[in-house]
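Chemist: Below is the structure, and that's it, no one-letter string:
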Ligand code: SAH
């Protein structure tokens with residue numbers, strides 16, 4: 001990989017959009033390779049993008065590998081795109097979280113494009129930070145960003161998690177690294193009265209699913225006295241939040257026995273273990289068998305992983321969602337709630353609602369949409385990048 005271009009406005013290479021209509025012209029920060037006239041620029045360079053008439057569109061960071069060739073970081077002609085801009089954006093991102101969540105010890109500090117830092121995610125777990133980098137330029141700027149994180153957060157450790165498929169598309173190495181300090185797993189964090197151990201070095205993603213933070217509390221409002229089924233539970237997020245809010249019992253299902261072990265430890269340290277049971281099994285198989293037994297839960301939660309990462313596989317993903325939602329609906333006692341999520345960004349809000357409607361029809365259950373929710377407040381998005389609003393979470397009452 002070439003060294004990045006750290007200069008700004010002055011000597012960024014210029015790329016031109018092909019004639020025609022482009023999302024970038026109305027402010028979308030992504031420019032696909034096929035939209036550009038020529039793009040023989042070094043990996044991770046800073047580039048200025050002009051439209052076909054020569055008008056300045058914006059300046060951003062270039063990838064020589066990804067289909068998303070340019071991620072714009074500014075539409076100001078005079079603004080330099082360099083590591084110093086990235087550090088200023090990082091400072092703004094941290095300041096926002098301090099306002100949103102003063103006193104919380106777990107938070108997403110940086111959410112990529114939503115914070116004007118394409119390809120950078122930073123999660124805080126108590127005194128430790130976990131970083132994910134998925135653009136060539138952020139990879140090149142990482143030493144500056146890590147220095148700034150040390151200055152702003154004074155962390156005991158910064159870990160980079162590198163085994164992401166998006167990194168392979170960028171030609172970035174598939175390896176985890178310690179950037180600062182000595183990581184200690186688990187990190188302990190508290191959310192909604194539950195204490196979680198977070199595996200910062202070996203867990204799924206960055207160790208914990210912060211995007212469902214507010215949704216767990218929203219679901220728990222309907223959980224008092226309920227028998228709760230938490231499917232795709234990971235380390236127990238929805239179920240344990242429900243128990244802390246007065247649920248009668250929770251059965252958590254996940255195929256990852258390591259995550260369930262952590263879930264039981266979380267229940268134990270939160271004083272909720274007596275009402276918490278886990279099953280390590282494929283959720284499709286478990287739901288298939290259980291749904292034959294009829295309604296048994298006042299609340300069922302479905303929080304599956306993304307069923308598709310490509311636009312082509314949407315139909316198949318929707319069949320998967322329909323299958324589990326149909327089974328889950330059959331398990332809800334009349335008057336109870338189904339809390340159902342999708343984090344596939346190729347399945348949009350309308351498709352997700354249609355799928356739920358079809359599952360309800362097939363299950364012969366009438367549902368009311370009580371709440372239509374997205375990712376937590378510390379996951380801001382770009383208005384013209386629907387791809388960044390990947391998480392859908394519906395709270396339904398089931399008759
Ligand atoms: N609800 C969790 C996050 C879920 S992430 C929370 O609030 O923190 C998705 C989970 O689905 C992961 O833990 C993963 O291990 C699990 N999973 C993936 N495929 C599965 C399958 N086929 N059956 C059961 N669990 C599965």
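Modeler: It's in. All values reported here derive from a predicted model rather than from experimental measurement. Residues are numbered from 1 along each chain as shown.

Chemist: give the contact list for residue 322.
Modeler: By Cβ atoms under 8 Å, 6 or more residues apart in numbering, residue 322 lies in contact with 355, 358-359, 362. C-betas here are computed from N, CA, C, even on glycine.

Chemist: top of those by neighbour count?
Modeler: Counting neighbours by other Cβ atoms under 10 Å, residue 359 leads these with 23 neighbours.

Chemist: pretty sure that one is touching residue 325, no?
Modeler: Yes - between residue 359 and residue 325 there is a contact under Cβ atoms under 8 Å: 3.9 Å.

Chemist: Can you pull the poorly scored residue ranges out of the protein?
Modeler: Counting by pLDDT under 70, the chain contains low-confidence residues at 1-11, 39.

Chemist: Parallel or antiparallel, which strands does the strand ranked longest in it pair with?
Modeler: As assigned by DSSP state E, the longest strand anywhere in the chain is strand 332-342. Using DSSP bridges, the strands paired with strand 332-342 are strand 297-302 (parallel), strand 392-398 (antiparallel).

Chemist: by how many degrees do the helix or strand following that strand and strand 332-342 diverge?
Modeler: Using DSSP states H and E, the helix or strand that follows strand 332-342 in sequence is helix 349-363. The directions of helix 349-363 and strand 332-342 differ by 150 degrees, with axes from the mean of the first three to the mean of the last three Cα atoms, to 10 degrees as the criterion.

Chemist: Could you list every helix and strand that helix 349-363 packs against?
Modeler: In terms of contacts (3 or more Cβ pairs under 8 Å, 6 or more residues apart in numbering; DSSP states H and E), helix 349-363 is packed against helix 314-331, strand 367-373, strand 392-398.

Chemist: ok, and for the longest one, which residues are buried?
Modeler: So the one you mean is helix 314-331. 314, 317-318, 320-322, 324-331 (16 or more other Cβ atoms under 10 Å).

Chemist: quick revisit: tell me the most buried of the strands paired with strand 332-342?
Modeler: strand 297-302 (a mean of 27; mean count of other Cβ atoms under 10 Å).

Chemist: now check that one, is it near the ligand?
Modeler: No - on the criterion Cβ under 6 Å from any ligand atom, strand 297-302 is out of touch with the ligand, staying 7.0 Å away.

Chemist: Identify whichever of the strands paired with strand 332-342 lies nearest to residue 26.
Modeler: Distance to residue 26, taken as Cβ to Cβ, is lowest for strand 392-398 among the strands paired with strand 332-342, at 24.2 Å.

Chemist: Do a quick rundown of the helices in the stretch 151-300 of the chain.
Modeler: Assigned by DSSP state H, counting those that start in this stretch, the stretch 151-300 of the chain shows helices spanning 165-169, 213-220, 237-244, 257-269, 283-291.

Chemist: circling back: please tabulate the contacts of residue 322 in CSV, including the columns distance to the ligand.
Modeler: Putting these into CSV (distance: Cβ to the nearest ligand atom, whole Å) gives the following:
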residue, distance to the ligand
355, 18
358, 21
359, 18
362, 21
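
Chemist: circling back: let me know which of the helices of the stretch 151-300 of the chain is the nearest to the ligand.
Modeler: helix 237-244 (2.4 Å; Cβ to the nearest ligand atom).

Chemist: neighbouring contacts of the closest one?
Modeler: Contact partners of helix 237-244, identified using Cβ under 8 Å, 6+ apart, comprise 191-194, 196, 208-209, 212, 215-217, 219-220, 223, 226, 228, 230, 233, 247, 250-252, 263, 266-267, 270, 272, 275-276, 299, 301, 303, 339.

Chemist: OK, contacts around residue 210?
Modeler: Residue 210 neighbours (Cβ under 8 Å, 6+ apart): 106-108, 123, 376, 378-379.

Chemist: For the helix or strand where residue 87 lies, buried residues please.
Modeler: Under the criterion of DSSP H and E, residue 87 resides in helix 83-100. Buried residues in helix 83-100, defined by neighbour count with 16+ other Cβ under 10 Å: 83, 85-87, 89-90, 93-94, 96-97.

Chemist: Of these, which is the nearest to the ligand?
Modeler: Closest to the ligand, out of all of the buried residues of helix 83-100 and judged by Cβ to the nearest ligand atom, is residue 97, at 19.4 Å.

Chemist: which residues touch the closest residue to that closest one other than its chain neighbours?
Modeler: Leaving aside its sequence neighbours, residue 97 sits nearest to residue 107 (Cβ to Cβ, 6 or more residues apart in numbering; 5.0 Å). Neighbouring residues of residue 107 by Cβ under 8 Å, 6+ apart: 97, 100-101, 123-124, 210, 378.

Chemist: Grab the two from these that are most spread out in space.
Modeler: 100 and 123 (14.4 Å).

Chemist: ok and the residue in the stretch 51-200 of the chain nearest the ligand?
Modeler: For the stretch 51-200 of the chain, Cβ to the nearest ligand atom, closest residue to the ligand: residue 196, 8.6 Å.

Chemist: Many thanks, we can stop here.
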